[in-house]
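>>> Let me see the structure of the following:
(chains A and B)
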There are 2 protein chains.
Amino acid sequence: MTDETNLATGVTAASGFEAAGTACGIKKTGAHDLSLLVADTVVPTVGVFTTSLAAAPPVELNRRRLTSGRARAVVINSGIANAATGEPGMNDAIAVGSALAALLDCAEEEVLVCSTGVIGPRIPVEAIVSALPGLVDDLGTDPAHAEEAARGIMTTDSVPKQAVAEGDGWVIGGMAKGAGMVRPDMATMLAFLTTDAVLDADRMRPMLAAAVAETFNCLNVDGCQSTNDSVILMASGASGVVPEDDMFAAALRGICADLAMQLAQDAEGASKVVTIEVTGAADAASARALGMQVADSALVRSAFHGADPNWGRVLGALGVAGVPLDQSHVAIEFAGVPVCNNGVGVPVDEDAVSQLMSGDFELSISVGDGPGEAGIVTTDLTPDYVRFNADRS
Amino acid sequence: MTDETNLATGVTAASGFEAAGTACGIKKTGAHDLSLLVADTVVPTVGVFTTSLAAAPPVELNRRRLTSGRARAVVINSGIANAATGEPGMNDAIAVGSALAALLDCAEEEVLVCSTGVIGPRIPVEAIVSALPGLVDDLGTDPAHAEEAARGIMTTDSVPKQAVAEGDGWVIGGMAKGAGMVRPDMATMLAFLTTDAVLDADRMRPMLAAAVAETFNCLNVDGCQSTNDSVILMASGASGVVPEDDMFAAALRGICADLAMQLAQDAEGASKVVTIEVTGAADAASARALGMQVADSALVRSAFHGADPNWGRVLGALGVAGVPLDQSHVAIEFAGVPVCNNGVGVPVDEDAVSQLMSGDFELSISVGDGPGEAGIVTTDLTPDYVRFNADRS
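Reported below is the predicted structural model:
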């Protein structure tokens, strides 16, 4: 990696993209709440969206527009999610997109519109539209502009999240916000990825789906899926290099994993990141269901907080994951220390294990000798999490 | 209801049953940890047990023994769940049951064995067996004995839980402990019901299954199902009265609902009970799945704690419940105040609604005009819950 690459972290690391971010008045704090990501021309673009049946209008709009596999720009506001806003909310999203299309002189179907924030209220279309000309004027390719854009999509994030992955003659850059539905009003995980590799939508679609499945979709901060979750990938082709599938898929997975870990590390109220590795399941889907059930358990995650090697809670969660389980084949390790073997306890020095669980650690679960594996990233459940999310202000 | 009935609350309210409870040394505090429930003779008995694939050995033993539809007695210890103990744990359960069978001069298959408490350790068979002769000598039918038994099954419960329901010439009495898996080590919801009505196991089985489905199985304190959950119903026939199906089913449902509400009210860390009523779903199963998803949501339950009428979090949970949902048909009321209609917000005085949510309240959710309905009882998620469950001591 060169110094240059180190500087160019974020959505403008790949050639062919400009970004900008500003405050348009949605957030009462005056913090950034509006970002643009614009390709030099219309480029191959794919997306992965929430599977929630309560998906927000902008998600529906983007899903529809991306059937073409092409887009020119994305406009993202934070502070209000434009979710549960019905037809008026859809019209608001379309209005914001049309205003940007006019400024960029492109078709409105080539503009994607994302929102993140409180569920329920409508977005202030006029304030957003009024800010767009200045934002378009300000578009830039340097790292400062990428960071402005990364700030404009933040809700309760404490830091902007950016990453870069380098291939042979091409790069992928990205930014993300949120951490699952860590704060229910602040209800979204968004990630925007750009590359200068030469790729079409049909090639990118399965690679993005696979990368998201293995990274963002393995992040479970509080079991709460959002109405607005979106991951979008745009390819400018500006490098002129056609990447090998394997290489690009690996780099894409890497940058998604990097951003997902940044989300976990910034999860509200969390004091540690716990990686749950499940092995020996019948298949990958079973392994994932088992790991997710463990990460969903308020009891298990409370024990993480207390650095309690409470494998009984883990076993209890595994038993109700909805997939076959032979408890006599279960083995559990906290931070590398076996605490349960063949479904029964192993004598351990609990204080020593607890010590190893005081910071980030790994929970390994083997459920048999099947080929199914999964890795889930979660955090501890803390009194602070509840306090944050009980706060009406 | 007569004064006499008011006095006779609990498992000895129905004629034909004796109970007792004592401390045999499992709990270091010296609190009661061993209870007996004994019928005068072998009687029709049915049970409903956890669906967890990590079910504890005593659960497996009872499931097997109740295929006969008959039992004489139940011995219950608290403090250790005898879960995740494998074949040795099964042998321990059998040993305890055999000792009681010898004292009662009945077949060992006619004795049920229940345990509740920490997952992992083995139960102290010798201590339990040594205490059984004294406990059998002490058996009695008065309310004081019923309460001793109700105390002997408690783990982190702060009060014993008993109830009675009266029919035309017969009664049902009961005791219960726990509140879902409120404390993972303390891992069980147990309920024991007795009646003097004349019933056989084939008649009771569907009625108990239905009552449990509508009451205990609609209680969701923290989404964590236990390894030991059991509900057992014994019918002595001592009243000589054969009840009508409808009347008995209603009374059974009533006493189960009463005990379930007592469990919710005593849930660790909880400060309020929230009843979620779902209507308009395609069928009862869909309604239940929707209500359970809402009760499973840490975000929704944190909002309950903060008296926050945050219907967006509720809608977010409904969208990922795994059943069809048209968000434009969703209506939500907090404490009787409409906050969302046709999937979009209704202007309300949030402070006034919050005021109504300061204590126990009802959350009503309508998702369409289907016939499916369900009621779920849950509690708020509190910093205390996390503190309790993060505590290794």
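>>> Which SSE is immediately downstream of the longest helix along chain A?
Across chain A, the helix with the greatest residue count (assigned by DSSP state H) is helix A:245-265. Going down the chain from helix A:245-265, the next helix or strand is strand A:273-281, by DSSP states H and E.
>>> List the neighbouring strands of that following strand plus their orientation.
Strand A:273-281 has the following strand partners under DSSP bridges: strand A:361-366 (parallel), strand A:372-379 (antiparallel).
>>> now the longest helix of chain A: mean pLDDT?
For helix A:245-265, mean pLDDT is 90.
>>> Output the contacting helices and strands for that helix.
Counting contacts by 3 or more Cβ pairs under 8 Å, 6 or more residues apart in numbering or on different chains; DSSP states H and E, helix A:245-265 packs against strand A:161-166, strand A:171-177, strand A:190-195, helix A:201-214, strand A:219-220, strand A:273-281, strand A:372-379. Yep, even glycine has a C-beta here, placed from its N, CA and C like the rest.
>>> Could you export the ones you listed as TSV, including mean pLDDT?
Shown next, in TSV, are these (pLDDT from 0 to 100):
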stretch	mean pLDDT
strand A:161-166	93
strand A:171-177	93
strand A:190-195	91
helix A:201-214	90
strand A:219-220	74
strand A:273-281	95
strand A:372-379	90
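>>> on that earlier part again, buried set for the longest helix of chain A?
Buried residues in helix A:245-265, defined by neighbour count with 16 or more other Cβ atoms under 10 Å in any protein chain shown: A:248-249, A:251-265.
>>> Check stretch A:12-32 too.
Under the neighbour-count rule (16+ other Cβ under 10 Å), stretch A:12-32 has A:12-27, A:32 buried.
>>> From the chain's centroid, how far away is stretch A:40-48?
On the basis of Cα atoms, centre = their mean, to the nearest Å, stretch A:40-48 sits 18 Å off its chain's mean C-alpha point.
>>> picking up where we left off before, ranking the strands paired with strand A:273-281 by burial, who's on top?
strand A:372-379 (a mean of 23; mean count of other Cβ atoms under 10 Å in any protein chain shown).
>>> how far out from the middle of the chain is that one?
In terms of Cα atoms, centre = their mean, the centre of strand A:372-379 is found 15 Å from the chain centre.
>>> Let me know whether the helix or strand following it sits next to chain B.
Elements were assigned by DSSP H and E; along the chain past strand A:372-379, the next helix or strand is helix A:383-390. Yes: contact of helix A:383-390 with chain B (Cβ under 8 Å from any Cβ of the partner chain) involves A:Pro383, A:Asp384, A:Tyr385, A:Val386, A:Arg387, A:Phe388, A:Asn389, A:Ala390.
>>> quick one, helix A:383-390 and helix B:383-390 angle?
Interaxial angle, helix A:383-390 versus helix B:383-390 (axes from the mean of the first three to the mean of the last three Cα atoms, to 10 degrees): 150 degrees.
>>> now for helix A:383-390, which elements pack on it?
helix B:298-305, helix B:383-390.
>>> Identify the residues contacting it?
Applying Cβ atoms under 8 Å, 6 or more residues apart in numbering or on different chains, the contact partners of helix A:383-390 are A:156, A:182-184, A:222, A:268-271, B:298-299, B:302-303, B:305-306, B:308, B:381-387.
>>> How are the helices of the stretch 51-200 of chain A distributed by residue range?
For the stretch 51-200 of chain A, the helices defined by DSSP state H, counting those that start in this stretch cover A:57-65, A:86-104, A:125-138, A:143-152.
>>> Report the mean per-residue pLDDT for the first one.
Read it as helix A:57-65. For helix A:57-65, the mean confidence score works out to 95.
>>> Show me what that helix is packed against.
strand A:34-49, helix A:86-104, strand A:111-118, strand A:230-235.
>>> Nearest approach to chain B belongs to which of those?
Smallest distance to chain B across the helices and strands packed on helix A:57-65 (Cβ to the nearest Cβ): 4.6 Å, for helix A:86-104.
>>> Can you point out the buried residues in the closest one?
Buried residues in helix A:86-104 (16+ other Cβ under 10 Å): A:89-90, A:92-97, A:99-101, A:103-104.
>>> How far off centre is it?
Helix A:86-104 sits 24 Å away from the centroid of its parent chain (Cα atoms, centre = their mean).
>>> Export it to PDB, keeping only CA atoms.
This file holds the C-alpha atoms of helix A:86-104, laid out as PDB (Å, rounded to 0.1, in the frame of the first residue of the first chain):
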ATOM      1  CA  GLY A  86     -46.500   6.000   3.100                       C
ATOM      2  CA  GLU A  87     -47.200   7.500  -0.300                       C
ATOM      3  CA  PRO A  88     -46.400  11.100   0.800                       C
ATOM      4  CA  GLY A  89     -42.900   9.700   1.900                       C
ATOM      5  CA  MET A  90     -42.500   8.100  -1.500                       C
ATOM      6  CA  ASN A  91     -43.300  11.400  -3.200                       C
ATOM      7  CA  ASP A  92     -40.800  13.200  -0.900                       C
ATOM      8  CA  ALA A  93     -38.000  10.800  -1.900                       C
ATOM      9  CA  ILE A  94     -38.900  11.200  -5.600                       C
ATOM     10  CA  ALA A  95     -38.800  15.000  -5.200                       C
ATOM     11  CA  VAL A  96     -35.400  15.000  -3.600                       C
ATOM     12  CA  GLY A  97     -34.100  12.700  -6.400                       C
ATOM     13  CA  SER A  98     -35.600  14.800  -9.200                       C
ATOM     14  CA  ALA A  99     -34.000  18.000  -7.800                       C
ATOM     15  CA  LEU A 100     -30.600  16.300  -7.800                       C
ATOM     16  CA  ALA A 101     -31.200  14.800 -11.300                       C
ATOM     17  CA  ALA A 102     -31.900  18.300 -12.600                       C
ATOM     18  CA  LEU A 103     -28.700  19.700 -11.100                       C
ATOM     19  CA  LEU A 104     -26.600  16.800 -12.600                       C
END
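>>> quick one, that helix and strand A:111-118 angle?
Using the same axes, to 10 degrees: helix A:86-104 against strand A:111-118 is 130 degrees.
>>> tell me the mean pLDDT over helix A:86-104?
Mean predicted confidence for helix A:86-104 is 97.
>>> just stretch A:287-301 next, same as before
Averaging pLDDT along stretch A:287-301 yields 89.
>>> Can it be said to contact chain B?
Yes: Stretch A:287-301 is in contact with chain B by Cβ under 8 Å from any Cβ, via A:Asp296, A:Ser297, A:Ala298, A:Leu299, A:Val300.
>>> Please spell out which residues along that stretch are buried.
Buried residues in stretch A:287-301, defined by neighbour count with 16+ other Cβ under 10 Å: A:287-301.
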